[in-house]
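Asks: what's the 3D shape of this:
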Amino acid sequence: MMEKLKILFVSTFVPGPNTNHAGGRDVFHIMRRLAENHQISIICLANSPEEISRNAASLEFCRHVELIQSPNGFLSTLRRVSNYFRLPRSVARFYSVELHQTLHRLLERSRFDVIQYENVQVLPYAENIQIPGVLDCIDVNFMPMFQSYLSGRGSFWRRLYWLLEWPRLQIYEARKIREFKGIIVRSKKDEILVRAINSSARVAVVQSLPLTASMAADPARPRPRKRPVIPKVMFMGAMWRPINSDACLYFLEQIWPKVRQVLPEAEFWIVGDSPPSNITKYHEKDNIVVTGYVDDMLPYFKECSVVVVPMLAAGGILYKIYDAMHIGIPVISTSVANQGIDAIHGQHILLADNAQDFAEHVVDLLRDDHLYARLSENSERFINEKFDWERSVRDVEDLYSYLAQK
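Replies: Below is the predicted model of the structure:
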């Protein structure tokens, strides 16, 4: 049996089963499963009191928990701005002096075998720490930023920001990846990219299904899923993320009008935390509903007919596709969103990279019962065959043991 390790997680978000982004759920499930055989502690930033209230109680399996409120105020803003000269902005904005100091105090009084750093944003905290570290690349962050720039969407200032930021982030991220002997990724695609940057690192591929608490507990469903009577199309995601809001705007402006011309009774539901004003202005117009944050996604999944993922940029794994497939809901996606998932067009998923094809796929699924049933059944089978939590956790444990013995 493997030796029990003391593992510290460092994160810029609070992991939890009902957090408002899939990355937080993913890390939570990894921590919880590791806690069955190891001693887990975590120190992380909390972006709001609501983030703490939603998730803090779920971390009771941890030996030690430090939740640091994300810095606000004039002095904190000045520190972040000063860090822009040495760090990419997308990294510097997560820096907290309090978290940095709390981390070092914790390391002075407690011994850990391994520290796992959640994504590139926490790497400024890793400087001058000698304990073996694992970099968890939930995303390879510069890629979605580069794809967003190439898409040509967004305001002039947004595109200028991407143009200036993605090369800085690429250089910083690649340099940090080369510093780690152990790295975790979420797809074979990201594994290839990471190995191209650091061929000597040991890389573990974690293919997990980070369900919300209610979805994990949901009883057996009728199979194949029957298409709901009311045709509801759904997009879900953390709407404060530009890649999500840009994808949603693309669907609203270029795809949804084409769907409504054929199916005027169809509804479009936008479900996710903190939608910007250019999304909320569509609420209750043209059969569009913008919900904002919801405590439980399961009721929305059960009522919707089709999930759309019209992403123009994507990094890591888009768990919104996995969530829908697990419930047996057919998914229509762009090719870029399917990278790393590798679902087969026409068998597990429908793919479209222009507005006309995308709209036609939506209409086809809302009209064709046989197509709907086939994709529903195939997609659910695809998910069940693809994921193996036991193997993923075992690979992570092997990585920890390798580093702890170095």
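
Asks: low-confidence regions, the stretch 251-400 of the chain specifically.
Replies: 315-317 (pLDDT under 70).

Asks: which helix or strand contains Arg195?
Replies: helix 188-197 (DSSP states H and E).

Asks: so what does that helix touch, helix or strand wise?
Replies: helix 156-179, strand 182-185, strand 202-205 (3 or more C-beta pairs under 8 Å, 6 or more residues apart in numbering; DSSP states H and E). C-beta coordinates here come from the backbone N, C-alpha and C atoms, glycine included.

Asks: mind listing what's buried in the first one?
Replies: Residues of helix 156-179 classed as buried by neighbour count (16 or more other C-beta atoms under 10 Å): 161-162, 165-166, 168-170, 172-174, 176-177.

Asks: among those residues, which one sits closest to His104?
Replies: For those, the residue nearest His104 by C-beta to C-beta is Lys176; the value is 19.2 Å.

Asks: check the gap between that closest one and Asp295 for me.
Replies: Separation of Lys176 from Asp295 (C-beta to C-beta, to the nearest Å): 36 Å.

Asks: one more: Phe156?
Replies: Distance from Phe156 to Asp295, by C-beta to C-beta: 38 Å.

Asks: got it, and Ala313?
Replies: In terms of C-beta to C-beta, Ala313 sits 28 Å off from Asp295.

Asks: name the residue in these two with the higher neighbour count.
Replies: Ala313 (23 against 9; other C-beta atoms under 10 Å).

Asks: residues contacting the closest residue to that one other than its chain neighbours?
Replies: In space, and not counting its chain neighbours, Ala313 is closest to Gln147: 3.4 Å by C-beta to C-beta, 6 or more residues apart in numbering. Neighbouring residues of Gln147 by C-beta atoms under 8 Å, 6 or more residues apart in numbering: 312-314, 336.

Asks: now do the strands in the stretch 51-200 of the chain.
Replies: Remark: strands assigned in the stretch 51-200 of the chain by DSSP state E, counting those that start in this stretch are 64-69, 114-118, 133-136, 182-185.

Asks: turn the ones you listed into TSV, including mean neighbour count.
Replies: Formatted as TSV, the strands of the stretch 51-200 of the chain follow (neighbours: other C-beta atoms under 10 Å):
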stretch	mean neighbour count
strand 64-69	17
strand 114-118	24
strand 133-136	24
strand 182-185	24
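
Asks: same list, those strands, but as TSV with mean pLDDT please.
Replies: Shown next, in TSV, are the strands of the stretch 51-200 of the chain (pLDDT from 0 to 100):
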stretch	mean pLDDT
strand 64-69	91
strand 114-118	96
strand 133-136	96
strand 182-185	95
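
Asks: nearest to Val91, out of the ones you listed?
Replies: strand 114-118 (12.0 Å).

Asks: the closest one pairs with which strands?
Replies: Strand pairing for strand 114-118, using DSSP bridges, gives strand 6-11 (parallel), strand 133-136 (parallel).

Asks: closest to Ala352 out of those strands?
Replies: strand 133-136 (31.8 Å).

Asks: export the closest one to CSV, keeping only CA atoms.
Replies: Output in CSV follows, covering the C-alpha atoms of strand 133-136 (Å, rounded to 0.1, in the frame of the first residue of the first chain):
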residue,chain,number,x,y,z
GLY,A,133,5.8,20.9,-6.5
VAL,A,134,3.2,19.7,-9.0
LEU,A,135,1.8,22.2,-11.5
ASP,A,136,-1.8,21.4,-12.3
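
Asks: contact partners of it?
Replies: 27, 114-120, 123, 126, 176-177, 180, 182-184, 399-400, 403.

Asks: quick one: the strands in the stretch 201-350 of the chain?
Replies: 202-205, 232-236, 267-271, 288-292, 306-309, 331-333, 350-351.

Asks: now the third one and strand 288-292, what's the angle there?
Replies: To tie it back to what came earlier, the one meant is strand 267-271. Counting by axes from the mean of the first three to the mean of the last three C-alpha atoms, to 10 degrees, strand 267-271 lies at 10 degrees to strand 288-292.

Asks: next, the angle from strand 267-271 to strand 232-236.
Replies: 20 degrees.

Asks: strand 267-271 pairs with which strands, and in what direction?
Replies: strand 232-236 (parallel), strand 288-292 (parallel).

Asks: about what we covered before: pick out the most distant pair among the contacts of Gln147.
Replies: Leu312 and Ala314 (8.3 Å).
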